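Chemist: can you look at this prediction? I've put the sequence above it.
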Amino acid sequence: MTSRNVRTSAGPRAGVVALAVAGVFLLAGCSGGAPADPGTGSPSASGSASPSPSATPTPTPSAVYKPADASGPAQNVPVPVLPEVAKTETKEGAEAYAKYWFSVLSYAYETGNVDTFEQVEPPGCTACVKVKEVIRNWHSEGRWLVGGKLTTPVANTTFAKAQDGRYQVAVQVHQEPLSYMRADGSVARTDPQAPDQGNLLMLDYKDGTWLASELGSIVG
């Protein structure tokens, strides 16, 4: 069982120490009130000082997404969120879940975090194991990946159950070229842009949740 559009080339390998790639939230402090006027007041003015204007909090800026490049790994990558429709046993729900599934894999490529992907990967998926090996290896010991982001232009299902009770969703998946960066910032290798490939995601719907049971390629 394979997924032809997902690259599994490990490239040069070195070390297995996991490197956590996390976004940094920049916190801005609150500005104080305006300083008192240093000029002298009128002799008839009250001896009590006028209250300073209330301090106006400076809004905390939202973390800005920065894709990986030659200078370093991706930062503040948005965590994929399962759409509400993807929780329903409907045609639209199955298609939305399939798109979500590949967005989780894309998140793993960008961040090196495969925890969420492991929660959705089909059991016994050999291609998934190979992909995780690449991701973990190239997000360790200061290395990182540039590119490899996945998008899904099309996801379609007839929403007719197969004999085994599963639903089939055909997904067109586009993956950006992938570069393997060493810790010193040099490029170990770059995979060229591959044509979009068709993937077949087999889904089960149990207890109000979609589950991926198999991932394959559409050949022909």
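Modeler: Nice, thanks for sending it over.
Chemist: what sits closest to Ser103 if chain neighbours are left out?
Modeler: Excluding its sequence neighbours, the residue lying closest to Ser103 (Cβ to Cβ, 6 or more residues apart in numbering) is Pro80, at 4.2 Å. Heads up, the C-betas are built off the backbone N, CA and C, glycines and all.
Chemist: assumed that neighbour was part of a helix.
Modeler: No: counting by DSSP: H, G, I helix; E, B strand; the rest coil, Pro80 is not found in a helix; it is coil.
Chemist: check contacts around it.
Modeler: Tyr100, Ser103, Val104, Ser106, Tyr107, Thr116 (Cβ atoms under 8 Å, 6 or more residues apart in numbering).
Chemist: the same query, at a cut-off of 10 Å, please.
Modeler: Residues counted as contacts of Pro80 (Cβ atoms under 10 Å, 6 or more residues apart in numbering) are 99-108, 116-117, 120.
Chemist: ok, those vs Gln163, which is closest?
Modeler: Trp101 (22.8 Å; Cβ to Cβ).
Chemist: check which helix or strand covers that closest one.
Modeler: Following DSSP states H and E, one finds Trp101 within helix 91-111.
Chemist: buried set for that helix?
Modeler: For helix 91-111, a neighbour-count test (16 or more other Cβ atoms under 10 Å) marks 93-111 as buried.
Chemist: same question, stretch 184-196
Modeler: By 16+ other Cβ under 10 Å, the buried positions in stretch 184-196 come out as Asp191.
Chemist: measure it end to end?
Modeler: One end of stretch 184-196 to the other measures 32 Å (Cα to Cα, to the nearest Å).
Chemist: tell me the confidence at Gly23?
Modeler: The model reports Gly23 with a pLDDT of 25.
Chemist: over to Gly220?
Modeler: 52.
Chemist: same check, this time on Ser50
Modeler: Taking Ser50 on its own, its pLDDT is 47.
Chemist: before we move on, back to that, can I get the contacts of Pro80 in CSV with pLDDT and distance to Tyr205?
Modeler: Putting the contacts of Pro80 into CSV (pLDDT from 0 to 100; distance: Cβ to Cβ, whole Å) gives the following:
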residue, pLDDT, distance to Tyr205
Lys99, 98, 16
Tyr100, 98, 14
Trp101, 98, 14
Phe102, 98, 18
Ser103, 98, 19
Val104, 98, 18
Leu105, 97, 20
Ser106, 98, 23
Tyr107, 98, 23
Ala108, 98, 24
Thr116, 97, 20
Phe117, 98, 20
Val120, 97, 14
